[in-house]
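Q: 3D model of this:
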Amino acid sequence: MKRVLYISGSVGLGHVTRDVAIAKSLRKLKPDVQIEWLSEDPATSYLKNEKEMVLPEASKMVHGNRLVPDPEVYDLNVMRWMAKLRKGMSSNADEILQTVQKGRYDLVVGDETFDLTFEFWDHPSKKTFTFVMMYDCFGVDQMNNNPKDMFFTWYINRLWDKFLTSNGKVADRFLFVGEPDDIQDKSLGLFLPNRKAAADKGFDFVGNVIRFDPKQFNDRKEIRKKLGYDDKPMVLVTKGGTNVGQSLLDLCISAYPFAKKKVPDLKMVIVCGPSIDPSTIKATEGVDVRGFEPKLYEHIAACDLVITQGGHTTINEIMALSKPFIVFPLEHHFDQMETVKIRCDEQGAGVKMRFYQTTPEMLGESIVENLGKNVTYPDFKCNTGERAAEILSSML
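A: Residues are numbered from 1 along each chain as shown. The predicted model follows:
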C-alpha cells in the first residue's frame, strides 16, 4: 500500500473540490493507495463531508480566512493578504513537516502549499521527501501604485521563477491546473523572464479539473425535479467559500425587484457558502436563501443564469455546463481581475461587471438581458483529474 499526504492549502472551496476529484482519479489508477489530508476550514468541512481522512493536525493550521482585512468590503488585495499570511507560514510548514515525519508518506501533494515552498527555499535540507506542488496561476500582478505592493509583487515573481528552476530544491514536479494559453505572454517583472516561456519549461499542464461529468447534467428538467425547483426562470447567486462577498449577495437582492418587473415569475436562489449564516441575509419574497451547498454544480445546471465572483473553479464549472453568467471579480484581486479574465476572454464567456460601479438597477437590467441566453464554449476543455492523477501515480 502506498501512502499519500494531500495538502489543500487554499482558503476557499474551489481548490479542495478539484483536489478531491484528483484524489478519486488517483484511486482508480492505484486502488490500494491511502490518501490523508491536511487543510484549513472551510476545506476541512468539505473533505469530511466527502468522507475523506482528515488528520487531527489540520486543526492547527493557520486559517487564512481570518486574515481577510474586512469581509464586508468587496475588495481583497491579495499581495497584502499574502504578506500577512507569510508570517504564519513557518508554523504551518513545521506542522506539515512533523506530520510527514510521523506518517512516512510515499508522496506529498500540495495545492498552493506556499508554506512548504518558502520553507524549502530558505532551508533546503528540510526537503527529505517527494513533493509535488500545484498551481492554477503563474505570476502575480500589481493592482495599485503603492511602492510597497510594487516591490512585493516583484519579489514574489522573482521567487516563483527561482522555485521553478530550482532542480528539485523546492518541489520534484510542478503541476499547473489549466492550459498553456492561460499563462499571460508578458514578463514576470524587471530583469525577470517571460511568464509563458518560464511556465512552458517548469510546469506539467493537467488541464481544467472539475469534479463531475458535464454529460450527466444535460436534462435540466430532471435536475430541477431532483432539487425541488419548479420550472420558473431562475438566477443563481454564489459568492464562493471565503469570508468575502456578502455585499455581492446584498447587491443581487437589491437588483431582484428591477429584474422582476420585466420577468414577473423570476426566482432568485442565493447560496451563502460556508462562511455566512443564511439567517443574516434579509431577502424579499421570491428570493430563496440557502447555506452551503456541497454540490453547487447541480444548482448551476438547474438555473438559467449565474451571478458569481471570479473564482477559477466556479467559472470552470459554469462553462462546463454551458451556462450564461455575470461575474464580479473582487477588486484588487489580481487572480480574479487578470488570470480568470483571460480564461473568460478566450472563450467569449461571461459578462464582467465591477461591483462599485454597478447599481441595483444596472444589475437588474443585465439579469434580464442574459437570463436563459443560449451560450456555448466549444474551446473549453476539462477533465475530472485524470491527467494530474497519471503524473502522481507515476511518482508512487
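Q: tell me which element the closest residue to Ser166 other than its chain neighbours falls in.
A: Residue nearest to Ser166 in three dimensions, not counting chain neighbours: Trp121, with 7.4 Å by C-beta to C-beta, 6 or more residues apart in numbering. For the C-beta atoms, the positions are set from N, CA and C on the backbone; glycine is no exception. Here Trp121 is covered by helix 114-122, with elements defined by DSSP states H and E.
Q: immediately after the helix or strand bottoming out on mean pLDDT in the chain, which helix or strand?
A: When the helices and strands of the chain are scored by mean pLDDT, DSSP states H and E, helix 334 comes last with a mean of 71. Beyond helix 334 in the direction of the C-terminus, DSSP H and E gives the next helix or strand as helix 340-347.
Q: Helices of the stretch 1-150 of the chain, residue ranges please.
A: Ranges of helices in the stretch 1-150 of the chain, per DSSP state H, counting those that start in this stretch, are 14-29, 43-49, 78-103, 114-122, 147-164.
Q: name the helices or strands packed onto the least confident helix or strand of the chain?
A: With contacts taken as 3 or more C-beta pairs under 8 Å, 6 or more residues apart in numbering; DSSP states H and E, helix 334 sits against no other helix or strand.
Q: Any idea how many residues pack against the closest residue to Pro180 other than its chain neighbours?
A: The shortest distance from Pro180 to any non-neighbouring residue, by C-beta to C-beta, 6+ apart, is to Phe205 (5.7 Å). For Phe205, the count of nearby residues is 18 (other C-beta atoms under 10 Å).
Q: swap in Leu190?
A: 8.
Q: Shouldn't it be within a helix?
A: No: under DSSP: H, G, I helix; E, B strand; the rest coil, Leu190 sits outside any helix and is assigned coil.
Q: which residues touch it?
A: Residues near Leu190 by C-beta atoms under 8 Å, 6 or more residues apart in numbering: Trp154.
Q: Roughly how far does it sit from Asn144?
A: Separation of Leu190 from Asn144 (C-beta to C-beta, to the nearest Å) stands at 18 Å.
Q: follow-up on the earlier one: tell me who's in contact with the residue nearest to Pro180.
A: Applying C-beta under 8 Å, 6+ apart, we find Phe205 in contact with 175-176, 178-180.
Q: okay, and for the stretch 51-200 of the chain, where does confidence drop off?
A: Within the stretch 51-200 of the chain, the ranges that satisfy pLDDT under 70 run 63-72, 76-88.
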